[in-house]
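Participant: Give me coordinates for this.
(2 chains)
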Amino acid sequence: MENADVFLGLHDFLERMRQPSASDFVKSIKSFIVSFSNNAPDPERDSAAVQNFFAQMEVDFRVHPLWAGCSEEELDSAGEGLEKYVMTKLFTRVFASLPDDVKLDNILHEKMALVQQFIRPENLDINPPFQNETSWLLAQKELQKINMYKAPRDKLVCILNCCKVINNLLLNASVASNENPPGADEFLPVLIYVTLKANPPQLHSNLLYIQRYRRQSRLVAEAAYFFTNMLSVESFISNIDAKALSMDETEFEKNMEFARALLSGLSTDVDSQPNQGGQPLNANKEPTAPLKSSEVPSLSDLEDKGAALLVNDKQSSQVFRQYPYLFAHVGDLTVNDVEDLLNNYKQLVFKYVCLSKGLGVSAPSLPLKSSQTQDHQHAETAKQQDHTRAVEPNDEPSKDTDRKDDGSNTESLFEVESLESKLSQDEAAAVQDSKHEESSQSQLS
Amino acid sequence: MGCSSSLPDRSSGRLVGPNGENGGASDAKNLRVKLVLLGDSGVGKSCIVLRFVRGQFDPTSKVTVGASFLSQTIALQDSTTVKFEIWDTAGQERYAALAPLYYRGAAVAVIVYDITSPDTFNKAQYWVKELQKHGTPDIVLALVGNKADLHEKREVSVQDGMDYAEKNGMFFIETSAKTADNINQLFEEIAKRLPRPAPPSSSQNP
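Facilitator: Now for the predicted structure:
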C-alpha cells in the first residue's frame, strides 16, 4: 500500500475547499462535524450518519464545477481526503467512546499479554517450514503502528501491511522448502500468532472503528478479505482456551497461571492499557514521569538507569526467570537447546538493533552481559514508559506508541472551529502523518 | 511455483482497482461475485485457485501476493463477464468456528475434499450442512473432489461424490490442480449457475 497518492488526495481536497465556490461544502462539512458534539455517542447511528454523509458528498462532488472534467481517480481521492479530514476531526468523539468497548479492549489486551507468554507456533498448526519468528517481528511492527493514525484508512493500511509482510514471508518459505503455495491454511494461523505477540493497542476498538467509519464502498475485495481475517483473529483470540490450542486443560491453566504471576510480578499497572481515545485514562499512567519525552536518553543512560532499578527491585530474580539460560553452565546445555538459544539470540539482536537505530546510534556490538536487561526496551517505550514496564517480559516494541497521538498537537487539531481557519494547520499535520507513513511503510513495496 | 508473484502492485496505491469498481456495483453484463472456499486443510484449496488464476493469466489483472485472496475475471459466451473474488479459509478444525465471518454474503461456496481421504469427504459434508443452514439464501454450492490424478490412492468413489451432490442440489466435479484437469470447467460451470442479473450487493461487504 503506498500512501503518497492519498496524501495528495487530502492535499488536493483541502486546496479545493479553499476555493470560493467550495463554500457550501465547507459549510456542510463544518455543520456535520459540529452536529456530532450535540449528541451522546451512539455507534450505530453515528456510523450510519458518517457513511451517509460521505456518500452524499461524493455524489455532490461529482456534479460540482470544482471537479469538472476530473477522472474517477481524482474523485476517488477527493472522497479519501474528505474521509481523512472528517474522521480526524471526529476521532476523539467516536473512537472507543463506549465503556463496554474500552472494557473489551482491556480484556483482549490482557488475554494476549498472557497467552503470548507460552504460545508456540505448533499450537496453531503452523508447520515448521513456515515458522519464522524472527521475521514475524516485522509484521508485528506494522500492527503496532495502528494507534499512530487516526484516519480509518490509515489504520486499515497498518493491518494490510502486516498481512502483506506475512504473505511475503510465507511465499518465500514455500519456495525455499518446495511446499505448496501458501493459502489461508498457512496465513490465518500466522496472523493469529503475530497478533498475539504484537498485542496491538485497543484492537477491538480499532476494528470497530474501521468497520464503522471506513467508507463502505472502499472496504471491498482484497481489503475486505484481510480485514475479515483480522476480525476472525480477534474472535479466535477472545475464545482461546485449552482446546483451541490443543493443550490439555491442566497444562493450559498452569501456563495461564504462570503468565499471570510473571506479569503481576513485573508490572505494577497491568490493568492500565495504552489508550488512544484521549480520555483521561492516561492521567494516572506515569506516576514518576522518569523521562521527559523531549529528551532522548542515550543507550548507555538507559542501560545504567535500568540496571540501577534492577538492583533496587526486590523482584529482580523473577525478571530473569524468563531467560532460562541466563544462569546455565555449558555443561547444563543439550543439543536440543541450540535451536531455542539461536532463536532467542536472533530476537535479541533484532530488538537491540532496533533500539539502537531508534535512538539514532549505530548499533554497538552486543554487550552480552547487559543485553538481557535491555532487549525488551525500545526507543519509543523508553521515552514514554515508566521503568517497571520497560523490563516487562515480552514487552513488544512499540506497545505504547499510541500515546504519540496524545501529544500537544491533539488539542489544537480537534477543536471544532471554523473549517477555513483550521485548514492549513490540519494540512500540516496531515503532511507529517503521510510523511511518516511513507518513510516507515515504503519498505513493504 | 511461479503461479503467483511477489511483485507488489505498483500501479495503484489505492485499496481497490480503478474503473469505478468501488461501489461493488455489478450490472447484468458484468457480475462481481464473492466466492468462498471451504474444506479441510491440505485438500488443495489454494492450489485450485492458483491454477485457475494462473491458467488464464491476464496481464492487466491485479498482481496479488499470496493465494489466500485472489480475483479472476472470466468471459462467458453470452458476452457477460464474471469477476470472481475468491476468499480462502483456513481448514484446520480449530478454525472451523470462524467460517461464518468469511461466507457471510458469499454468492458461491466451493467445498473441496481430497478423493484419497474419506475424512475430508466427511468434513465437506459438514460444510454443506452448515451452509444450507447459515449461508446466503440461494447461494450456489459446488462440491469438488480434488487430487483426481491420484487414481491409485482413491478412497472416495466418483459415485459417492456425485450422489451426495445430487441429493443436496449441488454442482459436482472432480479436479486435479496438479494437471489442471477440470479447473476452468469448475469456474465456468459456477458462472453459468449464478442467478442473474446481479448478486446481492451485500456480498461486497465483510
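Participant: got any ranges where chain B has weak pLDDT?
Facilitator: Low-confidence segments of chain B (pLDDT under 70): B:1-26, B:55-66, B:197-206.
Participant: All the helices of chain B, residue numbers only.
Facilitator: Along chain B, the segments classed as helices by DSSP state H run B:45-55, B:99-103, B:118-134, B:158-167, B:183-193.
Participant: Would you mind finding the most buried of these?
Facilitator: Compared across these, helix B:45-55 shows the largest average neighbour count, a mean of 23 (mean count of other C-beta atoms under 10 Å in any protein chain shown). C-betas here are computed from N, CA, C, even on glycine.
Participant: quick one on the thing from earlier: so which of the helices of chain B gets nearest chain A?
Facilitator: Evaluated over the helices of chain B, closeness to chain A peaks at helix B:45-55, with 2.6 Å, by C-beta to the nearest C-beta.
Participant: hmm, who's touching that closest one?
Facilitator: Residues outside helix B:45-55 that contact it (C-beta atoms under 8 Å, 6 or more residues apart in numbering or on different chains) are A:180-185, B:2-4, B:37-39, B:61, B:67-68, B:70-72, B:86, B:88-89, B:91, B:110, B:112, B:144, B:146, B:175, B:177-178, B:180, B:183-184, B:186-187.
Participant: 6 Å - rerun?
Facilitator: Contacts to helix B:45-55, defined as C-beta atoms under 6 Å, 6 or more residues apart in numbering or on different chains, come from residues A:180-181, A:183, B:3, B:37, B:39, B:67, B:70, B:72, B:86, B:88, B:112, B:177, B:180, B:183, B:187.
Participant: and what of stretch A:75-82?
Facilitator: Contacts for stretch A:75-82 (C-beta under 6 Å, 6+ apart): A:Val6, A:Gly9, A:Leu10, A:Phe13, A:Met57, A:Glu58, A:Phe61, A:Trp67.
Participant: pLDDT averaged over it, what's the number?
Facilitator: The average pLDDT within stretch A:75-82 is 93.
Participant: In CSV, could you pull the C-alpha coordinates for that stretch?
Facilitator: Provided in CSV are the C-alpha atoms of stretch A:75-82 (Å, rounded to 0.1, in the frame of the first residue of the first chain):
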residue,chain,number,x,y,z
LEU,A,75,-13.0,11.9,-7.5
ASP,A,76,-12.0,8.9,-5.5
SER,A,77,-9.1,10.7,-3.9
ALA,A,78,-11.4,13.6,-3.1
GLY,A,79,-13.5,11.1,-1.2
GLU,A,80,-10.4,9.8,0.6
GLY,A,81,-9.5,13.3,1.5
LEU,A,82,-12.9,14.0,2.9
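Participant: on that earlier part again, mind checking which of the contacts of stretch A:75-82 are in helices?
Facilitator: A:Val6, A:Gly9, A:Leu10, A:Phe13, A:Met57, A:Glu58, A:Phe61.
Participant: Would you agree the last one is in contact with A:Trp67?
Facilitator: The one in question is A:Phe61. Yes. Using C-beta atoms under 6 Å, A:Phe61 makes contact with A:Trp67 at a distance of 5.2 Å.
Participant: quick one, which of those two is more surrounded?
Facilitator: Neighbour comparison, A:Phe61 and A:Trp67: the larger count goes to A:Phe61, with 20 against 15 (by other C-beta atoms under 10 Å in any protein chain shown).
Participant: Look up how far chain B lies from that one.
Facilitator: Distance, A:Phe61 to chain B, using C-beta to the nearest C-beta, to the nearest Å: 13 Å.
Participant: Just want the residue of the stretch 151-300 of chain A that's nearest chain B.
Facilitator: At 2.6 Å from chain B, A:Gly183 is the closest residue in the stretch 151-300 of chain A, using C-beta to the nearest C-beta.
Participant: Excluding chain neighbours, give the residue nearest to that residue in space.
Facilitator: Computed as C-beta to C-beta, 6 or more residues apart in numbering or on different chains, the closest residue to A:Gly183 that is not its neighbour in sequence is B:Ser46, at 2.6 Å.
Participant: any idea how far that neighbour is from A:Leu124?
Facilitator: Note on B:Ser46: its distance to A:Leu124, by C-beta to C-beta, to the nearest Å, is 18 Å.
Participant: correct me, but B:Ile173 touches B:Leu186?
Facilitator: Yes. With contact defined as C-beta under 6 Å, B:Ile173 counts as touching B:Leu186 (5.2 Å).
Participant: worst-scoring helix or strand of chain A, pLDDT-wise?
Facilitator: Between all helices and strands in chain A, the lowest mean by mean pLDDT, DSSP states H and E belongs to helix A:408-414, at a mean of 34.
Participant: show me what contacts A:Pro129?
Facilitator: Taking C-beta under 6 Å, 6+ apart as the criterion, A:Pro129 is in contact with A:Ala173, A:Ser177, A:Glu179.
Participant: for the residue of the stretch 151-300 of chain A closest to chain B, what are its contacts?
Facilitator: Counting by C-beta under 6 Å, 6+ apart, A:Gly183 makes contact with B:Lys45, B:Ser46, B:Ala67, B:Ser68, B:Asp88.
Participant: Could you find the closest non-adjacent residue to A:Asp337?
Facilitator: A:Tyr325 (7.2 Å).
Participant: could you pull out the strands for chain B?
Facilitator: Secondary structure of chain B by DSSP state E: the strands cover B:30-38, B:69-75, B:81-88, B:108-114, B:140-146, B:171-174.
Participant: Can you pull the residues of chain A lying near chain B?
Facilitator: Within chain A, the positions near chain B by C-beta under 6 Å from any C-beta of the partner chain are A:2, A:5, A:72, A:125, A:164, A:167-168, A:171, A:175, A:180-181, A:183-185, A:187-188, A:217-218, A:220-225, A:227-228, A:231-232, A:244, A:445.
Participant: Give me the buried entries from the residues you listed.
Facilitator: With burial judged by 16 or more other C-beta atoms under 10 Å in any protein chain shown, the buried subset of the residues of chain A next to chain B is A:2, A:5, A:125, A:164, A:167-168, A:171, A:180-181, A:183-185, A:187-188, A:217-218, A:220-225, A:227-228, A:231-232, A:244.
Participant: Of those residues, which belong to helices?
Facilitator: Counting by DSSP H, the part of those found in helices is A:5, A:164, A:167-168, A:171, A:184-185, A:187-188, A:221-225, A:227-228, A:231-232.
Participant: one step back: in TSV, list the contacts of A:Pro129 along with neighbour count and pLDDT.
Facilitator: TSV is the format used below for the contacts of A:Pro129 (neighbours: other C-beta atoms under 10 Å in any protein chain shown; pLDDT from 0 to 100):
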residue	neighbour count	pLDDT
A:Ala173	20	90
A:Ser177	11	88
A:Glu179	15	82
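Participant: now, among the residues you listed, which is nearest to A:Met17?
Facilitator: Taking C-beta to C-beta as the measure, A:Met17 lies nearest A:Ala173 of the contacts of A:Pro129, at 47.5 Å.
Participant: surely B:Pro118 meets B:Glu155?
Facilitator: Yes. Using C-beta under 6 Å, B:Pro118 makes contact with B:Glu155 at a distance of 5.3 Å.
Participant: quick one: contacts for B:Ala90?
Facilitator: Counted by C-beta under 6 Å, 6+ apart, B:Ala90 has contacts A:Ala184, A:Asp185, A:Leu188.
Participant: The nearest residue to it once chain neighbours are set aside and B:Tyr95, how far apart?
Facilitator: Counting by C-beta to C-beta, 6+ apart, A:Leu188 is the residue found nearest to B:Ala90 once chain neighbours are left out, at 4.0 Å. Distance, A:Leu188 to B:Tyr95, by C-beta to C-beta: 6 Å.
Participant: Repeat that for B:Thr80.
Facilitator: Taken as C-beta to C-beta, the span from B:Thr80 to B:Tyr95 is 35 Å.
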